[in-house]
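K.L.:
Everything below, folded, please.
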Amino acid sequence: MASSPSGFRVVQAETRYDRARRADKESLEKGRLAERKEKFQRYDPIVRPTEPPEDSLGFCPDAERFHTDVAGEEKHVRDQRIARQNQVLETKRERHFQREERRWENMEHMDVQEQERVDNLQHGMKPLRNKNSVAYDPLTLEYHESDAGKSLKHHDDMLKYRAKVRTVELVKAGTGDGYNPITGEPLRMPNMPQRPQLGQ
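P.N.:
Predicted coordinates:
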């Protein structure tokens with residue numbers, strides 16, 4: 001109820017819905033309970049019993065409860081999917097990187113072990129067992145430049161020298177006076193070889 005500029009009292013007309021609600025028994029009882037006074041317990045009507053009050057911890061306004069930015073929601077979902085894919089790729093890349101690092105470390109370790117094995121073979125007892133017992137190369141038949149090679153060469157030269165000397169002696173012993181008994185021509189006697197010296 002309010003006053004008009006002319007000073008008359010203005011009363012809001014009651015609608016049919018208000019009159020029907022006031023005639024309802026349940027609404028009438030609730031209204032009387034709400035208007036009780038003095039020593040009676042005051043009745044506070046609950047307008048929406050399924051919704052928590054604004055001062056409670058479970059209250060959430062509609063602006064926060066309902067999202068109206070559909071494009072933003074789609075972008076958020078898309079960003080999450082891209083971030084998840086990037087995380088998967090990063091994890092895979094890190095796993096491959098670690099595996100490649102381990103592979104290279106194993107290869108380097110194997111190279112070091114192989115080099116140590118070769119060094120041990122070169123400086124150990126096995127090369128001595130595989131070393132030639134003669135002072136010449138069995139492939140090229142060339143004498144070594146060491147003292148043993150020179151001694152072996154002199155020994156072989158002496159064998160050749162003795163063979164030639166024996167040949168000359170046999171020719172001399174077989175010809176007698178130095179003539180061919182059939183033709184009577186003088187035989188050509190082989191020359192006595194020169195004795196080899198050590199170190200030549």
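
K.L.:
what bits of the chain have low per-residue confidence?
P.N.:
Residues of the chain meeting the criterion pLDDT under 70: 1-6, 38-45, 67, 125-131, 176, 199-200.

K.L.:
can you give me the helices in it?
P.N.:
For the chain, the helices defined by DSSP state H cover 16-23, 25-34, 62-65, 70-123, 126-130, 147-175.

K.L.:
Single out the most deeply packed of those helices.
P.N.:
Compared across those, helix 147-175 shows the largest average neighbour count, a mean of 13 (mean count of other C-beta atoms under 10 Å). For glycine as for every other residue, the C-beta is placed from the backbone atoms N, C-alpha and C.

K.L.:
Just give me how far that one sits from the chain centre.
P.N.:
Computed by C-alpha atoms, centre = their mean, to the nearest Å, the chain-centroid distance of helix 147-175 equals 71 Å.

K.L.:
Kindly list the main-chain dihedrals of residue 178?
P.N.:
Per-residue torsions, residue 178: phi 90, psi 10 (degrees, to the nearest 10).

K.L.:
export the helices of the chain to JSON lines and tack on distance to residue 193?
P.N.:
Listed next are the helices of the chain as JSON lines, based on distance: least, C-beta to C-beta, whole Å:
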{"stretch": "helix 16-23", "distance to residue 193": "152"}
{"stretch": "helix 25-34", "distance to residue 193": "151"}
{"stretch": "helix 62-65", "distance to residue 193": "122"}
{"stretch": "helix 70-123", "distance to residue 193": "44"}
{"stretch": "helix 126-130", "distance to residue 193": "38"}
{"stretch": "helix 147-175", "distance to residue 193": "4"}
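
K.L.:
Looking at the ones you listed, which is nearest to residue 141?
P.N.:
Shortest distance between residue 141 and the helices of the chain, using C-beta to C-beta, is found for helix 147-175: 10.6 Å.

K.L.:
residues in contact with residue 184?
P.N.:
By C-beta atoms under 8 Å, 6 or more residues apart in numbering, the contact list for residue 184 is empty.

K.L.:
can you check residue 53 too?
P.N.:
Residue 53 sits in contact with residue 59, where contact means C-beta under 8 Å, 6+ apart.

K.L.:
repeat for residue 143
P.N.:
Contacts of residue 143 (C-beta under 8 Å, 6+ apart): 135-136, 149-150, 152-153.

K.L.:
In contact with the closest residue in space to it that isn't next to it in sequence, which residues?
P.N.:
Ranked by C-beta to C-beta, 6 or more residues apart in numbering and with sequence neighbours excluded, the top spatial neighbour of residue 143 is residue 149, at 4.1 Å. When contacts are counted by C-beta under 8 Å, 6+ apart, residue 149 touches 135-136, 143.
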